[in-house]
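Colleague: Provided below are the primary sequence and the corresponding predicted coordinates.
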Amino acid sequence: MLGEIGFRTSLFLGAVASLSALVLLNPISVKATGENLFDNRSILFDAETIVEFEFIESNGAYQSTFGVVNLQTGEKTPLLVEVKPADRVQSVEAESTYQDNARQGISNDFRGTPGNTVPQPLVAFQFQANTPYMFYLESTLNGRPAGILYSMNSQNPGENKQLRFEGDFSTLGTGGVALYWDDTGSLLVDPELEDQDFDDFIIQVGGNLDCPFDNEESSQ
Ligand SMILES: [Ca+2]
Ligand SMILES: [Ca+2]
Ligand SMILES: [Ca+2]
């Protein structure tokens, strides 16, 4: 296992960067030591693992897609997709109180709900063993790209934390982990005015560590 990962890493990267020196989508050198991570450092399981993701709500003007990146292959897999910016149409330009509302944490902030803005709010993803991943949130505003942010701080502008984990690997199989994104809103407001409300895209993860589809096709 170790050898294979090392081979692939050298194939993709040539030289292995330290974690803090990674550039976008370069694979990470992770030893297959049975390590499990589910936090801002990496998403890593020592065994093949199916994890469920449930969209809770969103509160941001962007139209966003949440997904996962395989850091060995660079492959991006979208998991939870907003098909419109919010449940109700709100004009960013016309709503002069938007910034104040957002900064005060008022919840009428482009709310998106399951079954509406995100029509398919429950998905599962199968993580390969000993393979590092990270999460991403990719956004558009009126059809224009509004950037992509990552669960690994080192991949974000200024190495900012854009995803807050409530819980970690140790709670994944029991209470689960809640993910709170802040999408920065930097296309809408000056960087100094970014709200950092960490409610722009909220996901509940886990509670289902063992693969439910492993054995027979149990109909769920
Ligand atoms: Ca949104
Ligand atoms: Ca925000
Ligand atoms: Ca927000």
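Modeller: That came through fine. Ligands and ions are numbered 1, 2, ... in the order given.
Colleague: pretty sure residue 73 sits in a strand.
Modeller: No: checked against DSSP: H, G, I helix; E, B strand; the rest coil, residue 73 lies outside a strand; its state is coil.
Colleague: confidence score at it?
Modeller: Looking at residue 73, its pLDDT reads 97.
Colleague: also residue 34?
Modeller: Reported pLDDT at residue 34 in the predicted model: 80.
Colleague: which residues does it contact?
Modeller: residue 46 (C-beta atoms under 8 Å, 6 or more residues apart in numbering). Where you see a C-beta, it was placed from the backbone N, CA and C, and this is true even at glycine.
Colleague: what does the one 10 residues further on give?
Modeller: Residues near residue 44 by C-beta under 8 Å, 6+ apart: 30, 35, 36, 37, 38, 130, 131, 132, 133.
Colleague: what about these, which one has the most neighbours?
Modeller: The residue in the contacts of residue 44 with the most neighbours, by other C-beta atoms under 10 Å, is residue 38 (26 neighbours).
Colleague: how about that one: what's its closest non-neighbour residue?
Modeller: residue 169 (4.1 Å; C-beta to C-beta, 6 or more residues apart in numbering).
Colleague: shouldn't the one you found be in contact with residue 37?
Modeller: Yes: using C-beta atoms under 8 Å, residue 169 makes contact with residue 37 at a distance of 6.1 Å.
Colleague: all helices for the protein, in order.
Modeller: 2-13, 98-103, 169-172 (DSSP state H).
Colleague: residues of this structure that sit close to ligand 1?
Modeller: 58, 60, 85, 112 (C-beta under 5 Å from the ion).
Colleague: what's the top strand by length along the chain packed up against?
Modeller: If you go by DSSP state E, the chain has its longest strand at strand 49-59. Counting contacts by 3 or more C-beta pairs under 8 Å, 6 or more residues apart in numbering; DSSP states H and E, strand 49-59 packs against strand 63-70, strand 76-81, strand 111-112, strand 122-127, strand 201-205.
Colleague: sheet partners, orientation included, of the last one?
Modeller: Taking DSSP bridges as the criterion, strand 201-205 pairs within the sheet with strand 49-59 (antiparallel), strand 177-181 (antiparallel).
Colleague: mind putting these in CSV, mean pLDDT included?
Modeller: Formatted as CSV, these follow (pLDDT from 0 to 100):
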stretch, mean pLDDT
strand 49-59, 95
strand 177-181, 97
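Colleague: show me which residues of the protein sit near ligand 2.
Modeller: Within reach of ligand 2 by C-beta under 5 Å from the ion, the chain has these residues: 182, 195, 197, 200.
Colleague: residue contacts, the first one?
Modeller: Yep, that's residue 182 we're talking about. Residue 182 makes contacts with 162, 163, 164, 194, 195, 196, 197, 198, 199, 200, as judged by C-beta under 8 Å, 6+ apart.
Colleague: one more pass at 6 Å, please.
Modeller: 162, 196, 198, 200 (C-beta atoms under 6 Å, 6 or more residues apart in numbering).
Colleague: apart from its chain neighbours, what residue comes closest to it?
Modeller: Computed as C-beta to C-beta, 6+ apart, the closest residue to residue 182 that is not its neighbour in sequence is residue 198, at 4.6 Å.
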